[in-house]
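Asks: Show me how the following folds:
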Amino acid sequence: MTLTDTGVTLGQSSINSGPVTFKVKNAGSIEHELVVVRTDIAQDKLQPDADEPGKMSEEGAQGESGDLAAGLAKDFTLNLSPGKYVLMCNQPGHYMVGMHIAFVVR
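Replies: Residues are numbered from 1 along each chain as shown. This next block holds a predicted model:
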């Protein structure tokens, strides 16, 4: 998957349950991260985090890449169960510019 300054691009939008390896590249010009959130809420309807202005709630978070400087890449593996997920960058303000995408685990 690729993080740009205005979006998230996936190689595939669904995958089988079990260990899932995310190969994340920050192709943007600023720092980004990838947060994996299990939720039935639509990918563009997550609620703001009341404690951290500019960020969204990470309720249901399964894991994340950590901060990635521009140009860096990181692989990380999570054991995911079937369900609906939102993949997002939760740096302040990034979700609001479109850095989120729906993801399904079968």
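Asks: all helices for this structure, in order.
Replies: Counting by DSSP state H, no segments of the chain form helices.
Asks: Strands along that one, start to end?
Replies: 2-3, 8-9, 14-15, 18-26, 35-38, 61-64, 73-80, 83-88, 100-105 (DSSP state E).
Asks: Now mean neighbour count and mean pLDDT too, for those strands, in JSON lines please.
Replies: C-beta: built from backbone N, CA, C; applies to glycine. Output for those, formatted as JSON lines (neighbours: other Cβ atoms under 10 Å; pLDDT from 0 to 100):
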{"stretch": "strand 2-3", "mean neighbour count": "22", "mean pLDDT": "98"}
{"stretch": "strand 8-9", "mean neighbour count": "16", "mean pLDDT": "96"}
{"stretch": "strand 14-15", "mean neighbour count": "14", "mean pLDDT": "96"}
{"stretch": "strand 18-26", "mean neighbour count": "16", "mean pLDDT": "97"}
{"stretch": "strand 35-38", "mean neighbour count": "21", "mean pLDDT": "98"}
{"stretch": "strand 61-64", "mean neighbour count": "17", "mean pLDDT": "98"}
{"stretch": "strand 73-80", "mean neighbour count": "14", "mean pLDDT": "98"}
{"stretch": "strand 83-88", "mean neighbour count": "22", "mean pLDDT": "98"}
{"stretch": "strand 100-105", "mean neighbour count": "18", "mean pLDDT": "97"}
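Asks: any chance of the ones you listed in TSV, plus distance to H94?
Replies: Formatted as TSV, the strands of the chain follow (distance: least, Cβ to Cβ, whole Å):
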stretch	distance to H94
strand 2-3	9
strand 8-9	10
strand 14-15	24
strand 18-26	11
strand 35-38	10
strand 61-64	13
strand 73-80	17
strand 83-88	8
strand 100-105	9
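Asks: Looking at the ones you listed, which is nearest to G54?
Replies: Taking Cβ to Cβ, strand 83-88 is the member of those nearest to G54, at 12.8 Å.
Asks: Thanks a lot, see you next time.
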